[in-house]
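need a structure here:
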Amino acid sequence: MSIPKPIRAIVAAVAFAVLGLAGPAAAECTDPAAPKVNWRRCFHDGRDMQGVSLIDAMLRDATFQRSDLRGADLSEADGYRAKFFSAKLAGTRFDGARLIEADFTRADLTGASFRGADLRNAKLVDADLRKANFTGAKLDRADLRNADLSGATWVDGVRICAEKSEGQCN
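Now for the predicted structure:
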């Protein structure tokens, strides 16, 4: 007896889902920091994560309020709408990261690297961005109110913001 083609397709789909063959399993929020980790919608508030590697990590809608990520590498991470309120991010690398609508309000981003990062509509209000590198970054509609940009390398990779550049690169 032959099983109709549509029924075979349904049985195969159910078998893949039940046996876990449908693709990689989603990571848990309790998984350790690692490249390509999936921490979508996870809360990591107040954690010490200095120097961790979160290269190419999924951080959409995750929160890192008051966390310490100094010297961490978040290159190529997807941090769409991620929250970094008052986080310690000095020397952190965000090169090539997708940080659209991310919130860095009052974050310490001294010497952070945003080379080629997408910061469209990001909130950087009152952030410390001294000596940060924005070479090739997209800053369309980013909110830089009261942000300290002293000594930062601007998007053209040539201009260095003057001392006391607040809210814009002078």
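
Now do stretch 74-89: distance to the chain's middle.
Its chain's average C-alpha position is 4 Å from that of stretch 74-89, according to CA atoms, centre = their mean, to the nearest Å.

does Gly167 really touch Asp143, like I thought?
No - counting by CB atoms under 8 Å, no contact exists between Gly167 and Asp143, whose distance comes to 9.2 Å. Yep, even glycine has a C-beta here, placed from its N, CA and C like the rest.

Count the residues that sit near Glu28.
Burial of Glu28, expressed as a neighbour count using other CB atoms under 10 Å, amounts to 10.

residue closest to the middle of the protein?
When CA atoms, centre = their mean is applied to the chain, the residue found nearest the centroid is Gly79 (3.2 Å).

Quick check, that residue in contact with Gly96.
No - using CB under 8 Å, Gly79 and Gly96 do not qualify as a contacting pair, with a distance of 11.4 Å.

could you pull out the helices for this structure?
Here the chain has its helices, by DSSP state H, at 5-19.

so where's it shaky on pLDDT?
Applying pLDDT under 70 to the predicted model, the residue ranges of the chain that meet it are 1-27.

Could you pull out the strands in it for me?
In the chain, no segments count as strands under DSSP state E.

and Asp56, how far is that from Phe84?
Distance of Asp56 to Phe84, given as CB to CB, to the nearest Å: 18 Å.

Equivalent analysis for Thr153, please.
Noted for Thr153: a distance of 20 Å to Phe84, by CB to CB.

The two: which has the busier surroundings?
When Thr153 is set against Phe84 and neighbours are counted by other CB under 10 Å, the residue ahead is Phe84, at 31 against 21.

for that one, what are its contacts?
With contacts defined as CB atoms under 8 Å, 6 or more residues apart in numbering, the neighbours of Phe84 are 64-65, 67, 69, 102-104, 107.
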